[in-house]
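Enquirer: My questions concern the predicted model and sequence given below.
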Amino acid sequence: MTHPQLIARNLLRNRRRTLLTVGSVAVSIFLLVILSATYRYLSAPTGTDRLHQVLIVSPRTSLMVPLPLSYRERIARLPGVESVTPLNWFDGRYGGEEASLPAFACDPVTLLAVFPQWQIPADERRAFSSERASLLAGRKIVEKYRWKAGDHIHLSSPSYQASLDLVLRAIYASPGEDETMLAFHWDYLNEAMGRPDKPGSFWVLARTPEDASRLMKDVDTLFRNEAVETNTQNMKQFVLGILSLLGNVRVILVSICTAVVFAVLLIVANTMAMSIRERTSELAVLRTLGFGAKRLLGMLAMEALAISLSGAALGCLAAHAVTVMIRGYRIGGLLPSSIQVDVTTLMLAFGVAAGIGLLATLVPAYRASRVNIAQALRFVG
C-alpha cells in the first residue's frame with residue numbers, strides 16, 4: 001500500500017469526524033476570507049470611477065446641524081465643480097409600515113449624473129426632471145408594492161414630521177445593483193417643510209478624480225470660520241465615518257480574524273490529537289516494520305493538511321459566492337460594495353490553513369513517533 005493510499009484510509013476510517021472537521025475548518029476559513037476581503041476593501045484607496053468623483057459636504061460638528069442653502073452657489077463657483085445639489089436623506093414610511101424606505105431629496109439632474117448606469121426610458125427621465133412632485137423608484141421596490149407609472153405615492157417621515165404626496169414618473173433598472181432606492185426633488189421637500197432652506201448636506205460632483213481630491217480641501221477652506229464649518233469627504237470616507245460610530249472597524253475585523261484563526265487551530269489540533277492517540281499501537285507496528293520517525297511525521301502531517309486544505313477550499317468557494325451575491329449592494333444606500341476574494345486573500349487563507357494543519361500535528365505526532373515501542377504496543381486508547 002502506497003503512502004497516499006494509507007493516508008486516505010486513515011482519513012476515511014472515521015468519516016463522520018473527518019467531515020465534521022472539514023466543515024468546521026470551512027466555516028472558519030469562510031469567515032476569515034470574508035473579514036480579510038472586507039478589511040482590504042476598507043483599506044484600499046478610493047477608486048477613480050464616476051461615483052468616486054462625488055463629494056459629500058456635511059457639517060463639521062454634527063450631522064444633525066443643517067447647512068445654509070447659500071453655500072450651494074459658493075461651492076458651484078469653485079474650479080472643477082460640475083454640479084452641486086442640496087441633499088437630505090428622507091426616512092420615508094409607506095402604507096403604515098415601520099420599516100423606512102431609502103429615499104434621497106436632491107436635484108434630479110445631479111442625481112442622474114451621479115448614477116449614469118441607471119437605465120431609465122428617455123420620456124420618464126424628462127418627466128422626473130421637469131415635474132416638481134415627481135418620484136423616481138427602483139424596479140424592485142416598484143415590483144414589491146405593485147406600483148406603476150402615474151401612481152400617487154404617499155410618504156411620511158417621523159424625523160421630518162412631514163408627509164409628501166409624490167407621483168411616480170420614472171422607474172430605474174440597474175441589473176446587479178441595488179434597485180430599491182427612491183428619489184425626489186429637494187425643492188419639493190423644502191417647500192413642504194415651509195422653506196427653511198436648510199439642507200442636511202450637499203453632493204458635489206467633480207469634473208475629474210483630480211478635481212475631487214483638490215475640492216475636498218478647497219470647500220472646507222472656503223467655509224472656515226463661518227457660522228457652520230464643513231467637512232468634505234468622498235463617498236467612501238463618509239460611509240466609513242458613519243460606520244466608525246460603532247468603533248474602530250479595522251481593529252474589530254483584525255480581532256475577529258485572530259479569534260477565527262485560533263478557533264481553527266483548536267479544532268484541527270483536537271481532531272489530530274484524538275486520531276493519533278487512537279492509533280498509538282498502530283503507529284508502533286509501523287515503526288517495527290521500518291517506518292522511521294520522519295516518515296510517520298510526514299504521513300500524519302499530510303493527513304492534517306488534507307483536512308485543513310479541503311476545508312479551506314470549501315470556505316473560499318463559499319466566500320467567493322457570497323461576495324458575488326452582494327456585489328450590487330450599496331453600503332448605507334450609497335457606497336457600492338466591491339468586496340472581492342482576490343489572489344492575496346486566497347493565498348492568506350490557504351497559508352493559514354496549511355500552517356494550522358502543520359502546527360496541529362507537530363506536538364502529538366512527535367510524541368507518538370518517540371514513544372517506547374513496547375509501551376505503545378500495549379496501549380489501549
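Expert: That came through fine. Numbers count the residues shown, from 1 in each chain.

Enquirer: The closest residue in space to residue 78 that isn't next to it in sequence: which element?
Expert: In space, and not counting its chain neighbours, residue 78 is closest to residue 218: 5.5 Å by Cβ to Cβ, 6 or more residues apart in numbering. Every residue, glycine included, has its C-beta placed from N, CA and C. Residue 218 is located in helix 209-222, with elements delineated by DSSP states H and E.

Enquirer: Distance from the chain centre to that helix, please.
Expert: Helix 209-222 sits 27 Å away from the centroid of its parent chain (Cα atoms, centre = their mean, to the nearest Å).

Enquirer: Check stretch 222-236 too.
Expert: 27 Å.

Enquirer: residues of it that come out buried?
Expert: For stretch 222-236, burial by neighbour count (16 or more other Cβ atoms under 10 Å) applies to 222-223, 230-236.

Enquirer: Out of the residues you listed, list just those in helices.
Expert: Among the buried residues of stretch 222-236, DSSP state H puts 222, 235-236 in helices.

Enquirer: circling back: helices or strands next to the helix holding residue 218 in the packing?
Expert: Judged by 3 or more Cβ pairs under 8 Å, 6 or more residues apart in numbering; DSSP states H and E, the packing partners of helix 209-222 are strand 54-59, helix 71-76, strand 201-206, strand 230-234.

Enquirer: Report the backbone C-alpha coordinates of it in PDB.
Expert: Extracted in PDB, the C-alpha atoms of helix 209-222 (Å, rounded to 0.1, in the frame of the first residue of the first chain):
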ATOM      1  CA  PRO A 209     -10.800  62.500  -9.900                       C
ATOM      2  CA  GLU A 210      -8.000  65.000  -9.600                       C
ATOM      3  CA  ASP A 211     -10.600  67.800  -9.100                       C
ATOM      4  CA  ALA A 212     -12.300  65.700  -6.400                       C
ATOM      5  CA  SER A 213      -9.100  65.300  -4.400                       C
ATOM      6  CA  ARG A 214      -8.400  69.100  -4.500                       C
ATOM      7  CA  LEU A 215     -12.000  70.100  -3.800                       C
ATOM      8  CA  MET A 216     -12.100  68.300  -0.500                       C
ATOM      9  CA  LYS A 217      -9.600  70.900   0.800                       C
ATOM     10  CA  ASP A 218     -11.000  73.800  -1.200                       C
ATOM     11  CA  VAL A 219     -14.500  73.500   0.100                       C
ATOM     12  CA  ASP A 220     -13.600  73.300   3.700                       C
ATOM     13  CA  THR A 221     -11.100  76.200   3.300                       C
ATOM     14  CA  LEU A 222     -14.000  78.300   1.800                       C
END
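
Enquirer: quick one: contacts of that helix?
Expert: By Cβ atoms under 8 Å, 6 or more residues apart in numbering, the list of residues contacting helix 209-222 from outside reads 48, 52-55, 57, 60, 74-75, 78-81, 204, 206, 229-234.

Enquirer: picking that back up, quick one: which of the ones in helices among the buried residues of stretch 222-236 is nearest residue 145?
Expert: Relative to residue 145, the closest of those is residue 235; by Cβ to Cβ it sits at 27.8 Å.

Enquirer: Roughly how far does the closest one sit from residue 24?
Expert: 38 Å (Cβ to Cβ, to the nearest Å).

Enquirer: Ok, residue 79 next?
Expert: 58 Å.

Enquirer: So for those two, which sits in the more crowded spot?
Expert: Legend: neighbour count by other Cβ atoms under 10 Å for residue 79 and residue 24, higher for residue 24 (19 against 9).

Enquirer: Could you find the closest non-adjacent residue to the more buried one?
Expert: residue 267 (4.8 Å).

Enquirer: So the one you found sits against residue 25, correct?
Expert: Yes - Residue 267 lies in contact with residue 25 (Cβ atoms under 8 Å); the separation is 6.6 Å.

Enquirer: quick one: the helices in the stretch 201-350 of the chain?
Expert: Remark: helices assigned in the stretch 201-350 of the chain by DSSP state H, counting those that start in this stretch are 209-222, 235-243, 249-278, 280-288, 293-325, 343-370.

Enquirer: Contacts only, for residue 312.
Expert: Counting by Cβ under 8 Å, 6+ apart, residue 312 has contacts 25-26, 29, 349-350, 352-353.

Enquirer: quick revisit: of all the helices of the stretch 201-350 of the chain, which one comes closest to residue 89?
Expert: When these are compared by Cβ to Cβ, helix 235-243 sits nearest residue 89, at 10.8 Å.

Enquirer: so how many other residues sit close to the residue nearest to residue 78?
Expert: Neighbours of residue 218 (other Cβ under 10 Å): 15.

Enquirer: Look up how far residue 18 lies from it.
Expert: Counting by Cβ to Cβ, the gap from residue 218 to residue 18 is 62 Å.

Enquirer: for the host helix or strand of residue 36, packing partners?
Expert: Element membership for residue 36 (DSSP H and E) is helix 15-43. For helix 15-43, the helices and strands in contact under the criterion 3+ Cβ pairs under 8 Å, 6+ apart are helix 249-278, helix 293-325, helix 343-370.

Enquirer: before we move on, back to that, between residue 267 and residue 25, which is the more surrounded one?
Expert: A count of neighbours by other Cβ under 10 Å puts residue 25 above the other of residue 267 and residue 25, at 27 against 22.

Enquirer: Residue 231 contacts residue 59, doesn't it?
Expert: Yes - between residue 231 and residue 59 there is a contact under Cβ under 8 Å: 7.0 Å.

Enquirer: Any idea which of the helices of the stretch 201-350 of the chain gets closest to residue 148?
Expert: Proximity to residue 148 (Cβ to Cβ) singles out helix 293-325 among these, at 29.0 Å.

Enquirer: Now do the buried residues in the closest one.
Expert: Applying 16+ other Cβ under 10 Å to helix 293-325 flags 296-316, 318-320, 322-323 as buried.

Enquirer: any low-confidence regions in this structure?
Expert: 1-7, 9-13, 42-51, 176, 239-250, 276-293, 327-338, 363-381 (pLDDT under 70).
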